[in-house]
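**Student:** Fold the following.
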Amino acid sequence: MQNRNIAQDEYGSFALGIKALVKGFKIFFAGLLFAIIGMLGYFVTLNGYFEADPGHAVVLMRFGKYVETYPASSGANWSFPEPVSRKIKIPTNPQTMNIQFNEKILNPTRPSKALAPGRDDYLITGDTNIVLSGWDIVYQIKDPEKFFLTCYSNDFEQNLSAGGSVSSNSIINLESLQNILTNRFRNSVIKVTASSEVSKVLYGVNDYRMEVIRDFNKSVEKLDIGVVINTVNIPRQPSPPEALKEDFRRVASIDTSTQQKIDEATQEADKIIQDAATEANKVVADAKAYKTRIVQSTIAENIRFQKIYKEYTLAPEAVSLTLMNNTLSEILGQIDRKYIISKGKGEQQVRIKINPEVEKVSQEELLKRAIELEANK
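**Tutor:** Predicted coordinates:
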């Protein structure tokens with residue numbers, strides 16, 4: 001009993017301190033509890049909000065499975081935060097790739113004159129000529145959902161992880177997609193170039209480019225991954241290797257001269273053909289007019305003959321006499337000099353001079369006529 005009283009006396013001196021310590025612990029644990037509750041509330045509510053900003057669509061995954069796609073500029077949205085949900089941003093704005101088919105210059109001061117298949121990316125035309133070129137491709141993910149469901153794989157996860165830890169609202173890496181498109185495009189360029197002559201590749205660039213675009217678009221459409229090709233340009237025009245440019249220039253000069261002569265010959269041929277067609281049309285038109293005139297004249301003569309014949313059947317002598325008189329009048333009307341000679345007994349003869357003598361004109365008369373003719377001009 002005495003010992004217990006002594007202990008109470010000993011602890012009595014620390015009673016206030018113990019009470020203060022217990023009260024402090026209670027306050028600390030209460031604050032910690034409120035902090036945990038607040039963090040849980042933030043984690044469940046505010047931490048679940050996300051936004052699909054312009055140029056990026058957001059793919060929502062829950063427990064590793066695809067749930068929904070939020071298009072670009074769709075505003076604020078909410079979902080359970082990680083680890084329940086993951087949100088992956090997919091770029092939907094246009095992306096650019098540059099693909100070069102050129103020789104690698106190992107030493108700029110001494111460029112190599114020979115092309116090495118393992119080192120240089122060059123193209124071979126259908127007529128076995130070497131050409132180089134550079135291309136710019138602008139593509140775009142038009143269907144983020146289809147792209148995610150058909151093209152998203154572990155390669156994208158690894159590429160994304162390589163740049164840092166994969167977290168919510170991560171932007172997907174497009175390196176694997178660009179590798180796919182690059183290989184497809186290179187195949188299209190090689191295929192079209194191998195089926196074209198060097199003249200078409202070098203001097204018919206627009207047709208050559210359009211053929212590459214058609215083949216590349218077909219190849220991408222077959223993939224069906226929600227990607228479209230916006231534009232394909234050739235900032236570096238197709239050209240021969242540096243060591244062969246002078247040879248190509250000489251050949252091009254000869255081809256230009258030959259083509260010029262061919263064009264001139266073609267123009268001359270077209271002119272001759274056009275002139276011949278014009279002359280042929282004129283001859284045909286004149287023939288048709290002559291035919292029409294002859295036919296009309298024949299028809300008129302036939303009608304006149306039928307009328308005369310009808311009258312002739314009624315009065316043959318009168319019609320014959322009339323025809324004879326008309327014929328004589330027509331003939332004599334064309335003769336300047338006629339002589340009518342009476343032979344008596346009521347008979348008369350009409351004589352005409354078939355070869356009249358040339359009129360003799362004096363020198364003065366000739367001069368006068370020449371002056372009058374000159375004045376009339």
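
**Student:** quick one: the strands in the stretch 101-250 of the chain?
**Tutor:** Secondary structure of the stretch 101-250 of the chain by DSSP state E, counting those that start in this stretch: the strands cover 123-124, 130-141, 170-171, 227-239.

**Student:** Which strands and helices lie in contact with the helix or strand harbouring Glu279?
**Tutor:** Per DSSP states H and E: Glu279 is located in helix 245-314. Here helix 245-314 touches helix 198-203, helix 316-332, going by 3 or more Cβ pairs under 8 Å, 6 or more residues apart in numbering; DSSP states H and E. C-beta here means a position set from N, CA and C on the backbone, and glycine is covered the same way.

**Student:** who's in contact with the shortest one?
**Tutor:** To tie it back to what came earlier, the one meant is helix 198-203. For helix 198-203, the external contacting residues (Cβ atoms under 8 Å, 6 or more residues apart in numbering) are 123, 125, 127, 129, 131, 193, 207-208, 238-240, 248, 252, 255.

**Student:** same thing but at 10 Å, please
**Tutor:** Contact partners of helix 198-203, identified using Cβ atoms under 10 Å, 6 or more residues apart in numbering, comprise 123-131, 133, 192-193, 196-197, 207-209, 211, 237-240, 248, 251-252, 255-256.

**Student:** before we move on, back to that, with mean pLDDT, mean neighbour count and distance to Phe50 as added columns, please give the strands of the stretch 101-250 of the chain in TSV.
**Tutor:** Below are those laid out as TSV (pLDDT from 0 to 100; neighbours: other Cβ atoms under 10 Å; distance: least, Cβ to Cβ, whole Å):
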stretch	mean pLDDT	mean neighbour count	distance to Phe50
strand 123-124	87	17	46
strand 130-141	92	19	19
strand 170-171	56	14	11
strand 227-239	91	15	24
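
**Student:** Residue ranges in the stretch 51-200 of the chain under the pLDDT threshold?
**Tutor:** 75, 78, 80, 104-120, 153-173 (pLDDT under 70).

**Student:** Skipping adjacent residues, who's closest to Val198 in space?
**Tutor:** Asn129 (3.9 Å; Cβ to Cβ, 6 or more residues apart in numbering).

**Student:** That neighbour reaches Ala194, doesn't it?
**Tutor:** No. Counting by Cβ atoms under 10 Å, Asn129 sits too far from Ala194 to count as a contact (11.0 Å).

**Student:** So for these two, which residue has more residues nearby?
**Tutor:** Neighbours per residue, other Cβ atoms under 10 Å: of Asn129 and Ala194, the larger number sits with Asn129, 19 against 12.

**Student:** What's the separation between the more buried one and Val189?
**Tutor:** Between Asn129 and Val189 the computed distance is 15 Å (Cβ to Cβ, to the nearest Å).

**Student:** Ile37 too?
**Tutor:** Computed as Cβ to Cβ, the Ile37 to Val189 distance reads 62 Å.

**Student:** follow-up on the earlier one: quick one: contacts for the residue nearest to Val198?
**Tutor:** 123, 193, 197-199, 201-202, 240-241, 244, 248, 251.

**Student:** cool, and Phe216?
**Tutor:** Contact partners of Phe216, counting by Cβ under 10 Å, 6+ apart, are 135, 137, 181, 184-189, 191-192, 229, 232.

**Student:** Tabulate these (TSV), appending distance to Lys261.
**Tutor:** What follows is the contacts of Phe216, written out as TSV (distance: Cβ to Cβ, whole Å):
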residue	distance to Lys261
Trp135	35
Ile137	40
Leu181	45
Arg184	43
Phe185	39
Arg186	39
Asn187	40
Ser188	36
Val189	34
Lys191	35
Val192	30
Ile229	42
Val232	36
